Structure formats: C-alpha cells, structure tokens
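*Asks:* Just to be clear, the model below is a prediction. Sequence and coordinates:
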Amino acid sequence: MTSASVQADMPLSEHEQRILDEIEQRLQEEDPRLASAVGKSSLHTHMARRIRLAVLGFVAGLVMLMLFALSVWVALAGFALMLGSALLIYQQLRLMGQDQVREYSRGRFSLTGFLARLSERFRGGRQGRG
C-alpha cells in the first residue's frame, strides 16, 4: 500500500476536525452561494454529468456517421467521436464502482441508470463465463 492510500483511510483527529469545521464556517460566512454549490454537488454527480455528455457525443457521432454520403471525412470524424464517447462512458462507469452503479441503476428511466444496468449485466456475464 502507498502512503496516500494509508492516509486516506485514517480518520481525522479532533484538532483537524475542529480546523475543518472552522474553514467550513468561514466559507459559509464569506461566500454562502459557493458553500451551497459545493455542498450540493459530489463526485458522482460530476461523473453522471460526464456520462450524459458522452452519450450526447455518441449520438452526435452516430448522426455524423450516417452522413457518409455527404463526406467520408465527416463520417470518419463521427466514428472517432463515437469511439471517444464510448471510451469516456466506460471509464466513468469503471470509476464509479459497483456501489454507485447500483445506486444510479435504481432510476428506471434515467439514461445513467440504463447505462449502469447495461454495465452491470456486461460485468455479470463476463464473471459468469470466466
């Protein structure tokens, strides 16, 4: 284990917790809008936003690919966009981990939930065969 992973598992001491509470209180007093924005967002909401944008990129690439009759270069750019978007979706789902994927998969009609369920099925199929 690296020293960074050991430090991440360590709880804060009372002194460190007190300092952190003071910093939070000062931030709340100085810039309440920033404090509320930071408090509402999390790493997982950013990941979900990236997944949604990557899906939009994938769809745009698909449309560009269908414009093959217009130009081969447009179709190649569309394919590259689709490939990049698919890799970004895969990377974000991997970073989320299984617990967060399950949490987002509860949303039945959400795009992130659909992709999370698809990823979980893919992982389950691979684990069952190997």
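*Replies:* Looks like it came in fine. Numbering: from 1, shown residues only.
*Asks:* Can you show me the helices along this protein?
*Replies:* 3-9, 14-30, 32-40, 43-66, 72-105, 111-129 (DSSP state H).
*Asks:* In JSON lines: the ones you listed, plus mean neighbour count and mean pLDDT.
*Replies:* (Each C-beta comes from the backbone N, C-alpha and C, glycine too.) Formatted as JSON lines, the helices of the chain follow (neighbours: other C-beta atoms under 10 Å; pLDDT from 0 to 100):
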{"stretch": "helix 3-9", "mean neighbour count": "8", "mean pLDDT": "46"}
{"stretch": "helix 14-30", "mean neighbour count": "11", "mean pLDDT": "83"}
{"stretch": "helix 32-40", "mean neighbour count": "11", "mean pLDDT": "72"}
{"stretch": "helix 43-66", "mean neighbour count": "16", "mean pLDDT": "87"}
{"stretch": "helix 72-105", "mean neighbour count": "16", "mean pLDDT": "82"}
{"stretch": "helix 111-129", "mean neighbour count": "14", "mean pLDDT": "67"}
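*Asks:* what's near enough to touch Gln92?
*Replies:* Residues in contact with Gln92 (C-beta atoms under 8 Å, 6 or more residues apart in numbering) are 47, 50-51, 54.
*Asks:* what do you get for Phe58?
*Replies:* 81-82, 85-86, 89.
*Asks:* quick check: domain ranges of this protein?
*Replies:* Following automatic domain parsing, one gets these domains for the chain: 1-40, 43-129.
*Asks:* What separation do you get for Phe114 and Leu20?
*Replies:* Note on Phe114: its distance to Leu20, by C-beta to C-beta, to the nearest Å, is 38 Å.
*Asks:* Kindly apply the preceding question to Arg49 instead.
*Replies:* According to C-beta to C-beta, Arg49 and Leu20 sit 27 Å apart.
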